[in-house]
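K.L.:
missing the sequence, but the structure's below:
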């Protein structure tokens, strides 16, 4: 057994209705267990491949609010999470995380609003997240909330960040992971995916499976665009 907070994700399909749309997601249907082997695990795959659906289910099963925040957050603007969280079983390690956060791009505004509210309470330091740009406030929340020895789930964090800020996030992830933190991150970013030593799980081409960095679509598409831009654009646009 490794030293990770979360060792394995299991899915009990008996808890999923036979007509559920979840059974039609190629990456997860009939998958019963997903071992986690490294401090940082990336979920990669095309839009609609199921990576965010699984990440959300893991977050809820772990005790996080579906819309994000710490495990102490309890707010809801729109109840959209799937029944998969009821079927997910988590195998935990002997270590217990001292802190945790579920950060998702699509509901960041709601989480930032709650962060602002809580920071204005007794002993708090107001952060004024909504007075900054989306990317600035997103990165500030990361830097304020992420620390070593924590468990973090991130859903497409690159959506708010410039390439330069993605590099800053990469350094923050690496810093925390080196201090004993664990991350599971759903992403399309070839910058984040390049983190050395990360476990990459692909949701494309059948059931979830390990994947090398150079084999991800994120890397291959970006590499093709940068190295063969003119030929690629000609092929795409001259039709």
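P.N.:
Structure's in. What do you need? Just so we're clear, the structure is a prediction, and the values are computed from it rather than from any experiment. Numbers count the residues shown, from 1 in each chain.

K.L.:
drop to CA atoms for contacts and neighbour counts, all remaining ones
P.N.:
OK.

K.L.:
Can you give me the neighbour number for the residue nearest to residue 146 when sequence neighbours are not counted?
P.N.:
Using C-alpha to C-alpha, 6 or more residues apart in numbering and skipping residues adjacent in sequence, the residue nearest residue 146 is residue 176, 7.1 Å away. Other residues near residue 176 number 20, with proximity taken as other C-alpha atoms under 10 Å.

K.L.:
need the strands for this protein, in chain order.
P.N.:
6-11, 33-35, 40-44, 88-92, 99-104, 150-155, 182-186, 199-202, 209-210 (DSSP state E).

K.L.:
What strands line up against the shortest one, and which way round?
P.N.:
So the one you mean is strand 209-210. strand 199-202 (antiparallel) (DSSP bridges).

K.L.:
Need the residues that contact the partner strand.
P.N.:
36-38, 40-45, 193, 208-213, 216 (C-alpha atoms under 8 Å, 6 or more residues apart in numbering).

K.L.:
same question, stretch 32-47
P.N.:
So stretch 32-47 is in contact with 2, 4, 6-13, 51, 177, 180-188, 193, 197-204, 216-217, going by C-alpha under 8 Å, 6+ apart.

K.L.:
now do 7 Å
P.N.:
4, 7-12, 51, 177, 181-188, 198-204 (C-alpha atoms under 7 Å, 6 or more residues apart in numbering).

K.L.:
and if you look at stretch 151-164?
P.N.:
Counting by C-alpha under 7 Å, 6+ apart, 52, 59, 97, 99-105, 134-135, 138, 166, 181-189 sit against stretch 151-164.
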